[in-house]
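> sequence first, then the predicted structure, then my questions.
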Amino acid sequence: MVEANVYGLDGSVIGKIELPEVFETPFRPDVIQRVFWALFTHHLQPQGRDPLAGKRTTAESRGVGLGIARLARVKGGGPRAGQAAGVASVVKGRQAHPPKAEKIIWKAINKKERRLATASAIAATALKDVVAARGHKVDKIPTLPLIVSEEIESISKVKDLLPVLEVLGLMDDVGRSREGIKTRSGKPRMRGRTKRIPKGPLFVVAETKGLEKAVENLPGAECVVAKDLSVLHLAPGGHAGRLVVWSRAALQSLPKGVLEVCKKVAA
């Protein structure tokens, strides 16, 4: 079994821990990407259009012989009279091919394939070249995987968390996320997507004792309980190698199904 250092909140080595066999899972970027996009569809909300949108009008074609196009035109008086309506590509007309709520957008994924992708993504967090290739700043980080004492789970204020990140060499990556924030304009801003924030460190804990409150104040950083860990957290955008900070207790509380994947692959 491979051993890894466990670091205290002051950055010193306080012990060692045997890594679970899941860290020996082969790196499978193809499976990770496939599973990510399948799980991504599970959060999409179906949308559609009113079947009668753009068709509630008195418009009717005037036929031929008038020297005008045979489009349906609004009857009566007023500013709308004589204007084309009720068809696509005209002012206040219907959509040509509107989205339909009955469209199947949810993609199924095999359970064993999902577990393999999760296990492979966990193993990728220990590969320094893969983490660096994803864009994370790992020069000052002592070892990967980065395992910290359970005391980090009880930190609930960002002012208490920043000194810990400094001694662990994580501040460069936090700064990368902060400096990479892009303010968007146009349609994304109109629809509420005002900023694009690069993904920062992921904190994996055994229990929610307050760390999630501190982490939410760090741009790009996330906190997740080990039992809820998935490819969506470990490989945003389908690209594995996210910088992960593990609490010692989190490694011991990983889902049983994910831990057994490595043995089946080896067999």
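Alright, I've got the coordinates. Keep in mind that this is a model prediction, so the values were computed, not measured. Numbering: from 1, shown residues only.
> pull the CA atoms of stretch 41-49 into PDB?
The C-alpha trace of stretch 41-49 is given here as PDB (Å, rounded to 0.1, in the frame of the first residue of the first chain):
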ATOM      1  CA  THR A  41     -27.900  16.500 -18.400                       C
ATOM      2  CA  HIS A  42     -29.500  15.500 -15.100                       C
ATOM      3  CA  HIS A  43     -29.500  19.100 -14.000                       C
ATOM      4  CA  LEU A  44     -31.100  20.500 -17.100                       C
ATOM      5  CA  GLN A  45     -34.600  21.800 -16.900                       C
ATOM      6  CA  PRO A  46     -36.900  21.000 -19.900                       C
ATOM      7  CA  GLN A  47     -38.200  24.100 -21.700                       C
ATOM      8  CA  GLY A  48     -40.800  24.700 -24.400                       C
ATOM      9  CA  ARG A  49     -43.000  27.300 -26.000                       C
END
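> the chain should start at 390 in everything you say after this.
I'll keep to 390 as the first residue from here, and by that count the last item is stretch 430-438.
> and that stretch, how far out from the chain's middle?
16 Å (C-alpha atoms, centre = their mean, to the nearest Å).
> how about that stretch: buried residues?
By neighbour count with 16 or more other C-beta atoms under 10 Å, stretch 430-438 contains no buried residues. Just so you know, the C-beta spots here come from the backbone N, C-alpha and C atoms, and that holds for glycine as well.
> same deal with stretch 632-650?
Buried residues in stretch 632-650 (16+ other C-beta under 10 Å): 632-637, 639-640, 642-644, 647, 650.
> go on, stretch 618-631?
Of the residues in stretch 618-631, those buried by neighbour count under the rule 16+ other C-beta under 10 Å are 618-625, 627-631.
> which among the residues you listed gets closest to A510?
Taking C-beta to C-beta as the measure, A510 lies nearest L623 of the buried residues of stretch 618-631, at 3.7 Å.
> pretty sure that closest one sits against T507.
Yes. L623 lies in contact with T507 (C-beta atoms under 8 Å); the separation is 7.1 Å.
> which parts of this structure belong to which domain?
Split into domains by automatic domain parsing, the chain comes to 392-433+494-655, 436-492.
> now stretch 567-580: mean pLDDT?
What stretch 567-580 shows for mean pLDDT is 94.
> right, I'll call it a day here.
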